[in-house]
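1. show me the folded form of this:
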Amino acid sequence: MMRAEGSGAKALVDSMTFARMAHSFRQDVHAARDIQLVADAPDKPHSLRLRLSPTEQVTYQIDDENVIRIAKTNDKVNHFEQFRLPNVKAEFELHGDQTAGNRTLIELVLTRRRAPATDQHEAALPTREYRIKALLGNDHRFEKKSD
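-> This is a model prediction of the structure:
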C-alpha cells in the first residue's frame, strides 16, 4: 500500500512538472520574436535562445535529466527554473524557415527512457514520446510588419 502511494505521488509530481514546463515553453515561444539554436552537434541542439524583445530573452538548456529555463532582462537573470525529468531524453526540433517568411514550428521532444530495473514503477512504464509544439511569434501574428 505504501509503495503504491509513493508511486502515485511520484507520478503526480512528474505530471505537474511536465505541465508547468509545457505551459512555460509554449508561452515563451509564442512571445518570441526570433530564435537561436546552439548545438553540441549539427543535428542535436542543446540550447534554445528566444528573444522576446530587444532587452528580454529566455534560454532553454537541456541537461542530462533537466530542462533549465533562464529568463533575462538587460543581461540580468530575473528568473531561473529547473524542470527535473528523470529517465527522459529531451531535444529541440525546428520546422520551417523564419527567414523565408514562413511560420516556424518549434518542438521540445521528450522521450522516456527505460528505467533501471530497480525501480518497478518506472520500469513498467512504456517508452513514450511527448512533443510540446509552439509556433514562433504566434502572439505577434496580427501585428503589421515594418518594411
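2. for the rest of this, base every contact and every neighbour count on C-alpha atoms.
-> OK.
3. which residues does the residue nearest to the spatial centre of the chain bridge with?
-> Compute the mean C-alpha point of the chain, and by Cα atoms, centre = their mean the closest residue is Leu108, 4.7 Å away. Going by DSSP bridges, Leu108 is paired in beta bridges with Phe92, Ile132.
4. pretty sure it is touching Leu135, no?
-> No. Between Leu108 and Leu135 there is no contact under Cα atoms under 8 Å: 11.8 Å.
5. quick check: longest helix in this structure by residues?
-> Assignment by DSSP state H gives helix 2-31 as the longest helix of the chain.
6. the helix or strand following that helix packs against which elements?
-> In the C-terminal direction, the helix or strand that comes right after helix 2-31 (DSSP states H and E) is strand 34-41. Identification of packing neighbours for strand 34-41 by 3 or more Cα pairs under 8 Å, 6 or more residues apart in numbering; DSSP states H and E yields strand 44-51.
7. show me what the helix or strand that comes right after the strand it packs on pairs with in its sheet, parallel or antiparallel.
-> Next helix or strand after strand 44-51 toward the C-terminus (DSSP H and E): strand 56-62. In the sheet, strand 56-62 lines up against strand 44-51 (antiparallel), strand 66-73 (antiparallel) (DSSP bridges).
8. how far off helix 2-31 does the last one point, in degrees?
-> Yep, that's strand 66-73 we're talking about. Inter-element angle recorded for strand 66-73 and helix 2-31: 40 degrees (by axes from the mean of the first three to the mean of the last three Cα atoms, to 10 degrees).
9. can you name the element that comes right after strand 66-73?
-> Next along the chain from strand 66-73, counting by DSSP H and E, comes strand 76-84.
10. which outside residues touch that next one?
-> 17-18, 21, 65-72 (Cα atoms under 8 Å, 6 or more residues apart in numbering).
11. in TSV, list the residues you listed along with neighbour count.
-> Output for the contacts of strand 76-84, formatted as TSV (neighbours: other Cα atoms under 10 Å):
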residue	neighbour count
Thr17	15
Phe18	17
Met21	20
Glu65	15
Asn66	18
Val67	20
Ile68	17
Arg69	22
Ile70	16
Ala71	20
Lys72	18
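12. many thanks, have a good one.
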